[in-house]
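Structure of the sequence below:
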Amino acid sequence: MEIRTLELLAEQVFSINTGDSFGIEVKINHELIPELSGYDFYEYPCLLTSGRRISATGRSKRYSSSNLVLSIGAFEAEPPVPQDIRLTPYDHPRLYIITGSPGQKTGIISHGCIRWRYGAERKITDLPLRSPAAAGEWVSENKYLLDLTPWLRILG
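From the prediction side, this is the model:
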């Protein structure tokens, strides 16, 4: 199996405030995979509707009033840059969701969803963060850990 992209989506209406930032990092066997890191910095408030992208892997973007579409719900973060990161059945992938604002901790878990594109067929799996199947935990003030190993076994 391979990981192509990971995206953090708004599963419900999601409010982003000036100065908020979000990121995704992936470690495989405790090693950070830079190609699967992505960060989004918001210098302007916006409201994302369901299904809109908050953050994605493979790039780092900054959004300001000069590059935001200012209508409600029309904006979303830029798409991920696809990668071909191969995983073996023995790999231990862990995904970290990073929030730059402590105030977003509750919102991102109750309103967020991880979209995982994988395999040569580019299959898609959505994993709502509030789902018991996600079974994540806050490992620091701004990092939420999601162990993808069980999903690797299920999807592989």
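
if I pick residue 16, what's in contact with it?
42, 45, 46, 47, 48, 54 (C-beta atoms under 8 Å, 6 or more residues apart in numbering). To be clear about C-beta, it is placed using only N, CA and C from the backbone, and glycine gets the same treatment.

and the gap between the second one and residue 140?
Going from residue 45 to residue 140 by C-beta to C-beta, to the nearest Å gives 25 Å.

Those two: which is more packed in?
Using other C-beta atoms under 10 Å, the more surrounded residue of residue 45 and residue 140 is residue 45, with 14 against 9.

Quick one: residues contacting the residue lying closest to residue 101 once chain neighbours are set aside.
In space, and not counting its chain neighbours, residue 101 is closest to residue 20: 5.0 Å by C-beta to C-beta, 6 or more residues apart in numbering. Applying C-beta under 8 Å, 6+ apart to residue 20 gives the contacts 42, 99, 100, 101, 104.

from those residues, which is closest to residue 75?
residue 42 (9.6 Å; C-beta to C-beta).

Is that closest one in contact with residue 23, as I believe?
No: at 11.9 Å, residue 42 does not count as touching residue 23 under the criterion of C-beta atoms under 8 Å.

higher neighbour count, those two?
When residue 42 is set against residue 23 and neighbours are counted by other C-beta under 10 Å, the residue ahead is residue 42, at 24 against 21.

can you pull up the bridge partners for that one?
Applying DSSP bridges to residue 42 yields these beta-bridge partners: residue 63.

Next up, the contacts around it.
Per C-beta under 8 Å, 6+ apart, neighbours of residue 42: 16, 17, 18, 19, 20, 21, 63.

got a list of what residue 99 touches?
20, 21, 22, 105, 108, 142, 144.

Over to residue 9?
Residue 9 touches 51, 52, 53, 54, 112, 113, 114, 115, 126, counting by C-beta under 8 Å, 6+ apart.

Spatially nearest residue to it (excluding sequence neighbours)?
Nearest non-adjacent residue to residue 9, counting by C-beta to C-beta, 6+ apart: residue 113, 4.6 Å away.

buried ones in stretch 120-129?
Along stretch 120-129, these residues count as buried under the neighbour rule (16 or more other C-beta atoms under 10 Å): 127, 128, 129.

Residue most distant from the centroid, this protein?
Here the chain reaches farthest from its C-alpha mean at residue 66, the gap being 24.0 Å by C-alpha atoms, centre = their mean.
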